[in-house]
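Visitor: Take a look and give me a structure for this.
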Amino acid sequence: MNKTWLLLFGLLALVCSSFSADNGVGITFFDGKYSDAKKLAAETGKTIFIDGYTEWCKPCKQMSTTVFTDKDIALYFNQTFINVKMDMEKTDGMLVSRRYNVNFYPTLLFLKPDGSLIRKEVGFHDKAQLLQLAKEVSN
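Guide: Reported below is the predicted structural model:
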């Protein structure tokens, strides 16, 4: 009986680890107001990463589905940044767009917790380019 339970436990652990290893979630984006993301960044000492997009932007959609869902990207961004996804044609996005002169999409912003700009990048970035950019910003 002990061997049966051990075997069942081992199978259960294997199944659970396969689900948690790649759940397809990708980068976890902050769910709330930009001002709250800034407060959280100040409390944690993390840099803010903003994915500035629009609904009609094809490269933005491509990054969302192919780059932001990558497990290595997600791991690095979720550990290093407060991640914010912001439609630059709506509410807070319009204010952020004006402040940082966002005119092309996607625009990737890296900000200090006080909102001062560290780096601004425009255009599609593949997984390797985005990870390199993130490492440059965080160093």
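
Visitor: Please enumerate the strands of this protein.
Guide: Assigned by DSSP state E, the chain shows strands spanning 47-53, 81-87, 107-111, 117-122.

Visitor: In the sheet, which strands lie alongside the shortest one, parallel or antiparallel?
Guide: Paired with strand 107-111 in the same sheet, following DSSP bridges, are strand 47-53 (antiparallel), strand 117-122 (antiparallel).

Visitor: Pick the most buried one from those strands.
Guide: Looking across those with neighbours counted as mean count of other C-beta atoms under 10 Å, the highest average goes to strand 47-53: a mean of 24. To be clear about C-beta, it is placed using only N, CA and C from the backbone, and glycine gets the same treatment.

Visitor: Please identify which of the strands paired with strand 107-111 is closest to Met86.
Guide: The closest of these to Met86 is strand 47-53. By C-beta to C-beta, the value is 5.5 Å.

Visitor: before we move on, back to that, can you lay out the strands paired with strand 107-111 as JSON lines showing distance to Lys135 and mean pLDDT?
Guide: Below are these laid out as JSON lines (distance: least, C-beta to C-beta, whole Å; pLDDT from 0 to 100):
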{"stretch": "strand 47-53", "distance to Lys135": "12", "mean pLDDT": "98"}
{"stretch": "strand 117-122", "distance to Lys135": "12", "mean pLDDT": "98"}
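
Visitor: where does the chain have low pLDDT?
Guide: 1-24 (pLDDT under 70).

Visitor: Can you name the residues that contact Arg110?
Guide: Actually, residue 110 is Phe rather than Arg. Phe110 is in contact with Thr47, Ile48, Phe49, Ile50, Phe81, Leu117, Ile118, Arg119, Lys120, Val137, counting by C-beta atoms under 8 Å, 6 or more residues apart in numbering.

Visitor: Many thanks, have a good one.
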